[in-house]
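Structure of the sequence below:
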Amino acid sequence: MCLACNPCMVSFLRSAASRRNFLRFAGAAVTSAVVSPACASARQASSSDPADTLFKGGAILTMDSEMPRAEALAVRGNRIAAVGTLHDVQALSGTNTRVIDLQGRTLMPGLIDPHMHFAFAAFEDWINVSPITNPDFAAVWAKLQQGVAQARQGEWVRAQQFDASITKDARVPTLADLDTLAPSNPFFMQESNGHIAYANSQAFKAAGITIDTPDPSGARFVRQNGAFTGRIEEMAAQQAFIHVMPAPTGAEMIERVRRLLKHASSVGCTMLHDCGIGIMAGTQDLKLLDAIFADGNAPVRYRGMLVSTEFDGWEKEGIKPGRGNDLFRVNGIKAWADGSNQAQTGYQRENYLGTTARGALNYSLEHVTEVIRKAHHRGWQVGIHANGDAAIDMVLDAYEAVLGGAPASELRHRIEHCSVLHPEQMIRMRQLGLSPSFLIGHVRWWGKAFQDRLLGPDRARFYDPCASALAAGLKISLHSDWNVTPIEPLRYVEDAVTRVMNEGGEVFFPDERIPVHAALRAITIDAAWQCHMDSQIGTLKAGKLADVTLLEQDPTDPHAKISKIKVSETWMNGIQHHAS
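This is a model prediction of the structure:
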């Protein structure tokens with residue numbers, strides 16, 4: 001699932017952003033902030049200077065096929081000066097060179113999350129009742145009770161990420177449940193799919209909704225026997241509540257995103273790729289990101305795709321592919337085809353188990369084709385969200401209508417999530433020069449649900465087929481789709497290598513497991529390739545930017561529990577940004 005690819009969630013964020021100057025960039029530090037062209041090259045040094053830093057004394061995984069492992073690495077300025085044998089690299093050492101003894105730790109390229117969304121920092125102060133962090137419904141309810149107890153009388157209590165499909169012992173709360181939970185506070189809880197929410201009587205009162213209030217078009221304040229149930233269906237109905245909730249200011253959002261970047265650095269990331277810039281506040285999103293990256297001190301690089309729904313706005317602002325520099329750049333356009341498979345809105349070739357529905361397309365073939373055509377001819381990389389196999393069929397048809405027999409491989413168009421992917425679709429992707437980015441956490445947290453309750457084993461076997469995609473000659477990457485799953489690149493690797501399901505502990509279609517090295521490529525050089533950064537990062541090679549991650553253990557060690565390996569240090573541009 002991709003919340004930012006959900007038109008309902010787009011409406012949710014836009015509604016929040018439109019109120020009380022949510023992202024009104026009033027201060028000079030925001031309105032006039034631009035990314036300085038000099039910041040990316042400020043630390044470059046002469047090739048004749050001694051190295052600033054030399055790493056030695058541990059495994060060095062270069063991810064470079066020409067020299068997979070090395071003994072030492074030297075950094076000069078913001079670039080890798082040399083990598084190779086200790087004897088050769090030490091020749092660059094000078095009087096002031098800082099020598100870092102790895103002491104058995106492992107050095108590798110900085111890690112990359114190629115699909116996430118900064119916009120969901122807006123939910124930072126909402127109670128997180130995700131099944132990923134809450135093992136069962138009792139834990140969910142206890143967290144909600146704690147949130148209510150900490151709130152002042154009359155203060156909104158809001159929760160996010162509820163998912164009854166995989167929360168153990170979950171039940172759908174009733175209005176009576178929610179009134180008992182929060183008798184003196186308006187309460188609102190949204191499901192992770194964005195389509196469904198729950199509210200108590202205080203929230204209905206605060207929103208001015210009575211039993212006589214008509215349902216909005218295409219949405220419902222669900223009633224039973226002439227009374228509210230507490231369930232709210234679709235965003236048009238949720239907006240009545242959202243309009244009267246508090247919202248973060250622009251300054252608060254900037255600080256929240258900075259915390260997000262700092263967290264990403266702490267788990268080994270040196271680059272994030274946002275697949276939804278503009279979803280929160282249109283072209284204002286770029287101003288927010290400009291403000292964050294203007295001083296050149298951010299701990300990670302940032303790349304992104306602009307939402308296609310704001311295409312006219314981007315053009316009016318004069319924004320073109322490649323706008324930015326090595327710290328923050330946009331070079332893609334993002335669109336979407338369907339919804340979420342676990343919410344049964346992903347568009348499938350066949351019905352979901354036990355239903356007469358197979359999901360739905362968000363946009364027509366003609367619409368998606370026009371988005372691709374417009375972006376492609378202007379030189380933008382394109383990423384299209386498609387979860388269900390029928391949605392992937394449609395997206396492939398749209399790409400083929402634009403690219404024909406001459407795919408523009410240099411633009412590296414993508415299919416995002418690309419979840420239920422069949423062999424014949426992989427062949428078409430290869431022919432069209434496309435690549436998939438897999439939300440690999442689906443396997444861990446939703447695999448059992450897909451296999452047993454949503455799709456059935458005959459179709460679930462095509463879910464996140466990493467091994468088959470590689471065998472078909474496709475480059476793949478692995479991502480979090482934050483905040484759908486946590487930003488944890490080493491966990492993505494483990495999920496792709498083991499495919500162990502959280503529910504039951506079984507392996508989700510073992511034939512699709514991939515070797516550790518292949519999974520590491522999917523969060524380093526192959527992710528960099530998808531994000532048009534492979535010439536700068538992704539491997540440890542002389543001349544590339546000095547973005548490195550130090551791990552307490554070698555992830556290629558067969559005894560390693562990859563997701564539990566501690567990130568010791570993270571360096572970007574030759575500067576240490578995280579140390580544990």
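
Touching stretch 197-213 from outside, list them.
156, 162, 172-173, 175, 178-179, 181-191, 221, 223, 226-228, 230-232, 238, 240-241, 243-244 (Cβ atoms under 8 Å, 6 or more residues apart in numbering). Heads up, the C-betas are built off the backbone N, CA and C, glycines and all.

mind listing the strands in the stretch 251-400 of the chain by residue range?
For the stretch 251-400 of the chain, applying DSSP state E, counting those that start in this stretch gives strands covering 269-277, 301-307, 323-324, 328-336, 381-386.

Give me the packing partners of the fourth one, helices and strands only.
Judged by 3 or more Cβ pairs under 8 Å, 6 or more residues apart in numbering; DSSP states H and E, strand 328-336 is in contact with strand 269-277, helix 284-293, strand 301-307, strand 323-324, helix 365-377, strand 381-386.

Just grab the bridge partners of the residue positioned nearest the centre of the chain for me.
By Cα atoms, centre = their mean, the mean C-alpha position of the chain lies nearest to residue 116, the distance being 1.9 Å. Taking DSSP bridges as the rule, residue 116 bridges to residue 274.

State the distance from it to residue 153.
37 Å (Cβ to Cβ, to the nearest Å).

Skip the chain neighbours and tell me the closest residue to residue 508.
Counting by Cβ to Cβ, 6 or more residues apart in numbering, the nearest residue to residue 508 once its immediate chain neighbours are dropped is residue 447, at 3.9 Å.

ok, the one you found - contacts?
Contacts of residue 447 (Cβ under 8 Å, 6+ apart): 460, 463, 499, 501-503, 508.

any idea which element residue 144 lies in?
Per DSSP states H and E, residue 144 falls inside helix 137-150.

partner strands of the helix or strand following that helix, parallel or antiparallel?
Sequence order places strand 157-162 as the next helix or strand after helix 137-150, per DSSP H and E. Sheet neighbours of strand 157-162, with direction, are listed as strand 127-128 (parallel), strand 187-191 (parallel) (DSSP bridges).

Tell me the pLDDT of residue 394.
As predicted, residue 394 sits at a pLDDT of 98.

ok so, going back, any chance of the strands of the stretch 251-400 of the chain in TSV, plus mean pLDDT and distance to residue 375?
Below are these laid out as TSV (pLDDT from 0 to 100; distance: least, Cβ to Cβ, whole Å):
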stretch	mean pLDDT	distance to residue 375
strand 269-277	97	14
strand 301-307	97	9
strand 323-324	96	14
strand 328-336	96	4
strand 381-386	97	5
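
so can I have JSON lines of those showing distance to residue 143?
Output for the strands of the stretch 251-400 of the chain, formatted as JSON lines (distance: least, Cβ to Cβ, whole Å):
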{"stretch": "strand 269-277", "distance to residue 143": "27"}
{"stretch": "strand 301-307", "distance to residue 143": "31"}
{"stretch": "strand 323-324", "distance to residue 143": "39"}
{"stretch": "strand 328-336", "distance to residue 143": "31"}
{"stretch": "strand 381-386", "distance to residue 143": "30"}
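
Which of those sits closest to residue 482?
strand 269-277 (8.6 Å; Cβ to Cβ).

Compute the distance from the centre of the closest one to the centre of its chain.
7 Å (Cα atoms, centre = their mean, to the nearest Å).

Check which helices and strands that strand sits against.
strand 111-116, helix 284-293, strand 301-307, strand 328-336, helix 525-530, strand 567-572.

can you pull out the strands in the stretch 51-200 of the chain?
53-61, 69-76, 79-84, 98-101, 106-109, 111-116, 127-128, 157-162, 187-191, 196-199.

Quick one: closest of those strands to residue 248.
strand 157-162 (12.1 Å).

Report the contact partners of the residue of the chain most remote from its centre.
Residue farthest from the centre of the chain, counting by Cα atoms, centre = their mean, is residue 95 at 43.1 Å. Taking Cβ under 8 Å, 6+ apart, we find residue 95 in contact with residue 50.

and it, how far is that from residue 294?
35 Å.

How about residue 240?
38 Å.

likewise residue 444?
37 Å.

Those two - which one has more neighbours?
Per other Cβ atoms under 10 Å, whichever of residue 444 and residue 294 has more neighbours is residue 444, with 22 against 19.

correct me, but the more buried one touches residue 501?
Yes. Residue 444 lies in contact with residue 501 (Cβ atoms under 8 Å); the separation is 6.4 Å.

Look up phi and psi at residue 220.
phi -150, psi 140 (degrees, to the nearest 10).

what's near enough to touch it?
Residue 220 neighbours (Cβ under 8 Å, 6+ apart): 232-234, 237.

Which ones among these map onto strands?
232-233 (DSSP state E).

Between the contacts of residue 220, which has the least confident prediction?
residue 234 (76).

Neighbours of it, how many?
Neighbour tally, residue 234, other Cβ under 10 Å: 19.

tell me the contacts of it?
Counting by Cβ under 8 Å, 6+ apart, residue 234 has contacts 8, 195, 216, 218-220.

now do 10 Å
Residues in contact with residue 234, defined by Cβ atoms under 10 Å, 6 or more residues apart in numbering, are 8, 11, 194-197, 215-220.

do residue 478 as well
Contacts of residue 478 (Cβ under 10 Å, 6+ apart): 112-115, 437-441, 464, 466, 489, 491-493, 495-496, 514, 519-523, 526-527.

Can I have the buried ones of these as a ChimeraX selection?
Restricted to buried positions by 16 or more other Cβ atoms under 10 Å, the ChimeraX selection for these reads:
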select :112,113,114,115,437,438,439,440,441,464,466,489,491,492,493,495,496,514,519,520,521,522,523,526,527
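
Take the contacts of residue 478 and keep only those in helices.
441, 466, 489, 491-493, 495-496, 519-521, 526-527 (DSSP state H).

mind putting those residues in JSON lines, pLDDT and distance to residue 263 included?
What follows is the ones in helices among the contacts of residue 478, written out as JSON lines (pLDDT from 0 to 100; distance: Cβ to Cβ, whole Å):
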{"residue": "441", "pLDDT": "96", "distance to residue 263": "17"}
{"residue": "466", "pLDDT": "98", "distance to residue 263": "26"}
{"residue": "489", "pLDDT": "98", "distance to residue 263": "12"}
{"residue": "491", "pLDDT": "98", "distance to residue 263": "14"}
{"residue": "492", "pLDDT": "98", "distance to residue 263": "16"}
{"residue": "493", "pLDDT": "98", "distance to residue 263": "18"}
{"residue": "495", "pLDDT": "98", "distance to residue 263": "19"}
{"residue": "496", "pLDDT": "98", "distance to residue 263": "22"}
{"residue": "519", "pLDDT": "98", "distance to residue 263": "22"}
{"residue": "520", "pLDDT": "98", "distance to residue 263": "21"}
{"residue": "521", "pLDDT": "98", "distance to residue 263": "24"}
{"residue": "526", "pLDDT": "98", "distance to residue 263": "23"}
{"residue": "527", "pLDDT": "98", "distance to residue 263": "18"}
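
All set now, cheers.
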